[in-house]
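Colleague: Provided below are the primary sequence and the corresponding predicted coordinates.
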Amino acid sequence: AGSLVLAVHFYGSARAAPLIPSTALGALLLLLSALLAYAGIWRSLRNASLFVSLCLTVSVFWCGYGVVFILGGQGVLNDTGDFRNALVPGLVTFTLALLIVAVVGFLCREVILAMIASAVSLASAHEVAMRYSTAFGSSAVACNYMIVCLVGGYFALGRILYFLTKEKIALPGTDLAKKKTPEQIQSTSGSVNHFAVTGLILNMLSAGVFGCRLLGVTGKLFIGQVPWLWASGVYQVGICVLSFRAMDVLMATFFGFTSILKFAGGYCLLYPIWQPEEPSFPTPFLVVFSILFAVLALFLTLKSPVDGLYLLFYVAYCIALACRPKGFFEGGPQGVDVAIFVASALMTLIHLYNVKASAKIPTGKAAVKALLARSSFLKLREGADLHAPYLGYSKYADAEVLGYACSVLASFAIMMTGNPQAPLATVVIPWVVVAGGILKLLCGSVAFARGKTLESSAFILYAVMWIIWGLTRYGGLYGTTRGFHAAVGIIAFMLFNGFIVFCTLFLNIAWFFYSLAFLLIAVSFLLDAIHALPAGYDIAATLIFGLVSFYCFLSALFNSVFEGSCLPMGRPIVQLSGVGGGKTKCLHLPARKASSVKRIADILKNGGTCGIPTDTVYVLVAACNRPDAVEKAHRSKRQAQDRPMSLWISSLKQLEPAKHLLTPILWDFMEAAWPSPISLVVPRGEWVDFLGMKDSAKYVGTPQSVAIRIPDCSVTTHLIDLVGPIVVTSANPTGEADTTHHNQVYAKLGDKVDAVLCDGPSPENIASTVVDCTKIDSGNIGFFRVGIIPKSQVKLILILFLLP
């Protein structure tokens, strides 16, 4: 669709009035770029790496391309050559990037995708030639896009037939479900990151903007090139998130770093809008940024030496920016941009080829791994538990490395004293708002997904503070006056942070000092707001916070790469009984995996107790035929006598041998009511012995009755099929609220159970309805507890099925 629109545009470009106005064309390309990004990300779940790379690459291409057309249509690019200077850096970059994708596609026999990539690459190359020479007409560009239309239409037809015929018909070259080689079959250890290729192409794009200026390909740096830089920055943040999803902490952190540089570059090109002179850069920040890149390069070298060497280009880039007061506008940094462009192209080829091909381009991974295997001090973290979350399961790797690094960057960025008369004279806003704000919010969201509620709250609070203060102080919103209202807002932040400081007493020493040091930052903001800031205090506060954050950054890096605690975060200053017990003692397994359910079943068979999800809230279970486990569950729960434990089965077949001991009306009611969140309290009798309860019976029900249920949850019933009937009680100490998340099971019973089957939030916040069926033979039922199923619905079941 996008190629058809562009083909029509270029075929009609010779007309006095274009067939598609520039603004409309740009809007269409933006819409199609969003759809392409969605298709690529969705397909990434099925491990089609070349398709993912192609979709995301063309998506970012059309995103920047579309915005440039919108700027042209709105009259922003009026000067002679402006439209060419705006388009050419992106066209040159994607000509090479898509050519690399096409070459790898042909080598790996992905012919259809390779043809699409090569056609778009040729179209971009022809357009570059057309912008510089009138001898090249626009028809060649349109022809290439028509090739994309035809090949893309064939590919789409093949995929439609594939799905309509339920995978029976697949046109040649359209079947993406190819068998994986053993090297491509990866666990969740994060050894393959299919999004790294797109991240490297985005690095080519931003480097190409400044490199083209140095090489004379473009005449100037101006607002028309901002779409390429900010499009690459936005997509780079997305690649950062997707890299965390791919369990690749180091590359995700690297892409987060480079996104900051892209936003800063675009911000600098906007400077002529509000001031004539070129901006200056804070040297301390860039020196610290180069140190962070160097440390990250060192750790990445231990995983992949080639990737580590690649990061050294960014170390040189930050040093070049620090040495030149005008930063991106000077020849030194632009020369490094050219080197980054070339290195990124080579890294794109290596990464894409190694993911697709069986024969790999050597990157030095095996040599480093063999070298570290000889070390008794340093041992790399590997295996399926590499990114085991703090509590329960998560689809993302830990983002704390990036979170702490962003704190370092934001703190050293604001060490630059702003001039109230010209607050925008120094580039501070991108470093503070993007690093301290946007990326910090991202890290807080990932931390929350991993069960780190306190850490996520702190990251999000600090991100909001950095954004507000960065824009206020360094964005010209503050002015030369100070006000009471700003002071009140800062005090509110300080109160929230005071609560976080108190909570970190129960977390660890490093986090206590981290949150306490940020309190010093907030105090400096407050003193500045009331015009009482002592000379040097803000520098000292930001320096202390930056150093504490840097230690946390190193500690998180060591803990994510190596086994053991080379740089420990420390123990809790205040240790409470039962708090954090699940972190080290209790096994946590994701419920979405069949192997996890089997492992829980083995634990229960061996006499263990476990917390599991159900169709209502989380429960604590033990096997019926293990009296020792049932007694353990009774003790750990501190079960009250007036709240007896209940009995669960997976189907009435388990109760079939004892059917003759139950009344027909009770049996029919069970068939009508189950499976559901309805527990039936039935008279105790000899039927209990058929379930193999033995000595467990004294802990289940009362001497007169027993509560029994078949849950409406496939995970739970599958577990019961593996173990047999289970004894159940709610996963919370008696008298406390029901647990609706596996994190709460850890907090309340983490050091008392053997494992927790984690499934995130429970589907309901209310427990099951408990129905008294001891007098059902006379047609009467009662209710011990009304839960998720109302009384009226239970009575309706009785009326419809039993008393017609």
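Modeller: Sure thing, it's come through.
Colleague: Would you map the strands across the chain?
Modeller: 587-590, 610-612, 619-623, 646-648, 678-683, 705-709, 726-730, 755-758, 769-772, 782-785 (DSSP state E).
Colleague: Would you mind saying which of those lies nearest Asp398?
Modeller: Among the strands of the chain, the nearest to Asp398 by CB to CB is strand 587-590 (14.7 Å). For the C-beta atoms, the positions are set from N, CA and C on the backbone; glycine is no exception.
Colleague: which helices and strands does the closest one pack with?
Modeller: Applying 3 or more CB pairs under 8 Å, 6 or more residues apart in numbering; DSSP states H and E, one finds that strand 587-590 contacts helix 594-605, strand 755-758.
Colleague: Which secondary structure elements does the shortest one sit against?
Modeller: Packing contacts for strand 755-758, counted by 3+ CB pairs under 8 Å, 6+ apart, involve strand 587-590, helix 594-605, strand 610-612, helix 742-749.
Colleague: Could you point out which of the helices and strands packed on strand 587-590 sits nearest Phe496?
Modeller: Evaluated over these, closeness to Phe496 peaks at strand 755-758, with 29.2 Å, by CB to CB.
Colleague: Just give me how far the closest one sits from the chain centre.
Modeller: In terms of CA atoms, centre = their mean, to the nearest Å, the centre of strand 755-758 is set 22 Å apart from its chain centre.
Colleague: try stretch 611-631
Modeller: For stretch 611-631 - counting by CA atoms, centre = their mean - the centre lies 33 Å from the chain centre.
Colleague: Would you mind checking the average pLDDT for that stretch?
Modeller: The average pLDDT within stretch 611-631 is 91.
Colleague: how is this structure carved up into domains?
Modeller: 1-174, 587-802 (the TED database).
Colleague: Give me the neighbour count for Val488.
Modeller: Close neighbours of Val488, defined as other CB atoms under 10 Å, add up to 11.
Colleague: Turn the domains of the chain into CSV, including mean neighbour count and distance to Met204.
Modeller: As requested, the domains of the chain are exported to CSV (neighbours: other CB atoms under 10 Å; distance: least, CB to CB, whole Å):
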stretch, mean neighbour count, distance to Met204
domain 1-174, 19, 5
domain 587-802, 19, 37
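Colleague: Please convert the ones you listed to TSV, extending it with distance to Leu286.
Modeller: Below are these laid out as TSV (distance: least, CB to CB, whole Å):
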stretch	distance to Leu286
domain 1-174	23
domain 587-802	40
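Colleague: Tabulate the helices and strands packed on strand 587-590 (CSV), appending distance to Ser651 and mean pLDDT.
Modeller: Below are the helices and strands packed on strand 587-590 laid out as CSV (distance: least, CB to CB, whole Å; pLDDT from 0 to 100):
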stretch, distance to Ser651, mean pLDDT
helix 594-605, 16, 92
strand 755-758, 20, 89
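Colleague: sorry, back to before: got JSON lines for the strands of the chain, with distance to Ala410 too?
Modeller: Output for the strands of the chain, formatted as JSON lines (distance: least, CB to CB, whole Å):
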{"stretch": "strand 587-590", "distance to Ala410": "33"}
{"stretch": "strand 610-612", "distance to Ala410": "39"}
{"stretch": "strand 619-623", "distance to Ala410": "44"}
{"stretch": "strand 646-648", "distance to Ala410": "52"}
{"stretch": "strand 678-683", "distance to Ala410": "53"}
{"stretch": "strand 705-709", "distance to Ala410": "53"}
{"stretch": "strand 726-730", "distance to Ala410": "44"}
{"stretch": "strand 755-758", "distance to Ala410": "33"}
{"stretch": "strand 769-772", "distance to Ala410": "52"}
{"stretch": "strand 782-785", "distance to Ala410": "52"}
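Colleague: Could you identify which of those strands has the lowest mean pLDDT?
Modeller: Mean pLDDT values for the strands of the chain show the minimum at strand 587-590, a mean of 82.
Colleague: what sits against the closest residue to Val128 other than its chain neighbours?
Modeller: Among residues not flanking Val128 along the chain, Leu91 sits closest, at 4.9 Å (CB to CB, 6 or more residues apart in numbering). Leu91 is in contact with Ser124, Ala125, Glu127, Val128, Arg131, counting by CB atoms under 8 Å, 6 or more residues apart in numbering.
Colleague: Repeat the analysis, applying 10 Å as the threshold.
Modeller: Shown in contact with Leu91 (CB atoms under 10 Å, 6 or more residues apart in numbering): 61, 64-65, 84, 123-131, 208, 212, 228.
Colleague: between those, which is closest to Ile291?
Modeller: Nearest to Ile291 among those, with distances taken as CB to CB, is Gly208, at 26.5 Å.
Colleague: so how far is Pro430 from the closest residue to that closest one other than its chain neighbours?
Modeller: Nearest residue to Gly208, sequence neighbours excluded (CB to CB, 6+ apart): Thr93, at 4.1 Å. Going from Thr93 to Pro430 by CB to CB, to the nearest Å gives 21 Å.
Colleague: And Ile766, by the same measure?
Modeller: Distance from Ile766 to Pro430, by CB to CB: 48 Å.
Colleague: And for Leu371?
Modeller: On the measure of CB to CB, Leu371 and Pro430 end up 39 Å apart.
Colleague: So which of these two has more stuff around it?
Modeller: Set Leu371 next to Pro430 and count neighbours by other CB under 10 Å: Pro430 wins out with 22 against 11.
Colleague: Can you tell me the closest non-neighbouring residue to the more buried one?
Modeller: Counting by CB to CB, 6+ apart, Ala264 is the residue found nearest to Pro430 once chain neighbours are left out, at 3.9 Å.
Colleague: got a list of what the one you found touches?
Modeller: Counted by CB under 10 Å, 6+ apart, Ala264 has contacts 229, 233, 279, 281, 321, 327-328, 427-431, 434-435.
Colleague: Mind doing that once more with 7 Å?
Modeller: Contact analysis of Ala264 by CB atoms under 7 Å, 6 or more residues apart in numbering lists Val427, Pro430, Trp431.
Colleague: Looks like the second one contacts Tyr267 (just checking).
Modeller: Going back to what we said before, that points to Pro430. Yes - Pro430 lies in contact with Tyr267 (CB atoms under 7 Å); the separation is 4.7 Å.
Colleague: So what pairs up with Ala622 in the strands?
Modeller: Beta-bridge pairing of Ala622 under DSSP bridges involves Val727.
Colleague: Just the pLDDT for Met204.
Modeller: For Met204, the predicted pLDDT is 96.
Colleague: whoops, I mixed them up, Ser191
Modeller: The per-residue pLDDT reported for Ser191 equals 53.
Colleague: The one 3 residues further on too?
Modeller: What the model reports for His194 is a pLDDT of 85.
Colleague: Of the contacts of Ala264, just say which sits nearest to Phe195.
Modeller: Pro430 (23.4 Å).
Colleague: dump the residue contacts of the closest one.
Modeller: Per CB under 7 Å, 6+ apart, neighbours of Pro430: Ile260, Phe263, Ala264, Tyr267.
Colleague: got TSV for these, with distance to Lys605 too?
Modeller: Shown next, in TSV, are the contacts of Pro430 (distance: CB to CB, whole Å):
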residue	distance to Lys605
Ile260	52
Phe263	55
Ala264	58
Tyr267	61
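Colleague: Out of these, which comes closest to Ala697?
Modeller: For the contacts of Pro430, the nearest to Ala697 is Ile260 (64.2 Å; CB to CB).
Colleague: tell me the contacts of Ile600?
Modeller: Shown in contact with Ile600 (CB under 7 Å, 6+ apart): Leu589, Cys610, Ile612, Leu719, Ala755, Leu757.
Colleague: what sits against Cys240?
Modeller: Residues counted as contacts of Cys240 (CB under 7 Å, 6+ apart) are Ala252, Phe255, Gly256, Ser259.
Colleague: Around the third one, count how many other residues there are.
Modeller: By that I understand Gly256. 28.
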